[in-house]
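> Sequence isn't available, so here's the structure alone:
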């Protein structure tokens, strides 16, 4: 049943290329697996004929952290999730100003938000902030920040995001062709291949083009058209996103995660990760302490 659940999840997140391997141990499960594989293939073919390329999505945490701040940005109240997820005791939180939780990477953004809050009685925004946990780790979270009406209090709540576009700001939804093309199917196949082989080195462009029945120029232009980025940059971004999620959601060692995400050395992984996120992998808050 694990494979069935995985298949349903992959379909929901846009990975229509995923398939369940046949297992002869259970006839009913085998039938269900066959139905899901057929559904995935049908959806894949239908979308491909439309001339679209399907972006994938990453499953994100559904835990919510909520703070109530005073006008001087001191923490007045918080929900139970804040205590467990940010590793602070209630006594510590009651004595803190929210500024003390803000990591250097988000300091400038937070200062701008504070100025806007003080000027706008109806302030409301959604933004990512990197927080410092009680055990001195970094925890990036997306927040909604609102100034309460008829009150000087400020409500800050981490977003309960179930699905997030894994392409981030590299996917341009307006860059879709107006009619079905063979080229879009090729780009989809290359994209599926990359997403399902992030642990492997990316083949040279010439090899990819030959493998998928295209040429180097069409692949380059196709990826620019659909994703507004190069093939290598997309591959590298996806590897780092996968690593980021594994760090937050598992207790796998950082060195092993670097190899699982296709980096040939931890040093290369460390440099690429820090360049993208502006903090080191070891600074992230984890489920367990390694």
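Noted; the coordinates are in hand. Just so it is clear, the structure is predicted and the values come from calculations on it, not from any experiment. Residues are numbered from 1 along each chain as shown.
> And the strands in the chain?
Ranges of strands in the chain, per DSSP state E, are 57-59, 66-69, 75-78, 124-132, 138-147, 154-158, 163-165.
> Would you reformat these as a markdown table and include distance to residue 205, mean pLDDT and mean neighbour count?
Heads up, the C-betas are built off the backbone N, CA and C, glycines and all. Listed next are the strands of the chain as a markdown table, based on distance: least, Cβ to Cβ, whole Å; pLDDT from 0 to 100; neighbours: other Cβ atoms under 10 Å:
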| stretch | distance to residue 205 | mean pLDDT | mean neighbour count |
| --- | --- | --- | --- |
| strand 57-59 | 26 | 47 | 16 |
| strand 66-69 | 47 | 94 | 19 |
| strand 75-78 | 50 | 94 | 17 |
| strand 124-132 | 33 | 90 | 16 |
| strand 138-147 | 32 | 90 | 19 |
| strand 154-158 | 40 | 92 | 20 |
| strand 163-165 | 25 | 41 | 14 |
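> Could you check what's spatially nearest to residue 4, not counting adjacent residues?
Using Cβ to Cβ, 6 or more residues apart in numbering and skipping the chain neighbours, the partner closest in space to residue 4 is residue 32 (5.9 Å).
> Check the burial of the one you found by counting its neighbours.
Other residues near residue 32 number 16, with proximity taken as other Cβ atoms under 10 Å.
> Would you format the strands of the chain as JSON lines with distance to residue 3 included?
Converted to JSON lines, the strands of the chain look like this (distance: least, Cβ to Cβ, whole Å):
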{"stretch": "strand 57-59", "distance to residue 3": "17"}
{"stretch": "strand 66-69", "distance to residue 3": "37"}
{"stretch": "strand 75-78", "distance to residue 3": "40"}
{"stretch": "strand 124-132", "distance to residue 3": "34"}
{"stretch": "strand 138-147", "distance to residue 3": "31"}
{"stretch": "strand 154-158", "distance to residue 3": "32"}
{"stretch": "strand 163-165", "distance to residue 3": "21"}
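> just so I know, which of those lies nearest residue 249?
Smallest distance to residue 249 across those (Cβ to Cβ): 8.8 Å, for strand 57-59.
> All set now, cheers.
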